[in-house]
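A.B. asks: Need the 3D shape of this:
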Amino acid sequence: MTDLRAILAPYAGFGVGLLLIGLGVREWLQGMRTRAWPSTRGTITTSRLDEGPRDRWFIRQYRPVISYAFHAGGKEWAGDRITVGSDARDLKYRRSAQARVDRYSIGAEVDVYFDPSDPSKSVLKRGVPPSVLFVLLLGVCSLALGAWLFSGGASR
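C.D. replies: Reported below is the predicted structural model:
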């Protein structure tokens, strides 16, 4: 009888790899589009550190909550993304979370980059963040693992 894990593992590797690559490519393209977005001045309206859950080693994680307001197209808009791929759910360890909060203090003026066709899409930093490259790399590794398992690499 064939071990079910040996049958499913290559498919899982391919599936996870393709999913991560798909997400990474989507974020990469969005990041590249932000390079052409116009900018306007905005103001930080929220800057605080919220406690998040503990990780698997029981170390407390924190959520930097940053939001800003800006004007575009004659209307006032609000945003909370620092970069493409970041949002209010980002968890970090205390030092890096506090550094982000310290960088964007309430009332500070910042450059806000926004999608001219939809100003509800905005970021404080243009381009592709390093985390997107990490997701792509992880996807390629998972895909390679799936290919290796398909070729019978684990049974050699």
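
A.B. asks: Give me the domain ranges for the protein.
C.D. replies: Here the domain assignment for the chain is 1-35+128-156, 36-126, based on automatic domain parsing.

A.B. asks: Span of the last one from start to end?
C.D. replies: The separation between the terminal residues of domain 36-126, taken as CA to CA, to the nearest Å, is 9 Å.

A.B. asks: Redo the domains of the chain as CSV? Include mean pLDDT and mean neighbour count.
C.D. replies: Bear in mind the C-beta positions are built from the backbone N, C-alpha and C, glycine included. Formatted as CSV, these follow (pLDDT from 0 to 100; neighbours: other CB atoms under 10 Å):
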stretch, mean pLDDT, mean neighbour count
domain 1-35+128-156, 83, 15
domain 36-126, 88, 15
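
A.B. asks: how about the helices in this protein?
C.D. replies: Ranges of helices within the chain are 4-34, 94-103, 130-150, based on DSSP state H.

A.B. asks: Please render the ones you listed as JSON lines that adds distance to residue 84 to the earlier fields.
C.D. replies: Output for the helices of the chain, formatted as JSON lines (distance: least, CB to CB, whole Å):
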{"stretch": "helix 4-34", "distance to residue 84": "4"}
{"stretch": "helix 94-103", "distance to residue 84": "16"}
{"stretch": "helix 130-150", "distance to residue 84": "7"}
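
A.B. asks: Could you point out which of the ones you listed sits nearest residue 71?
C.D. replies: helix 4-34 (18.6 Å; CB to CB).
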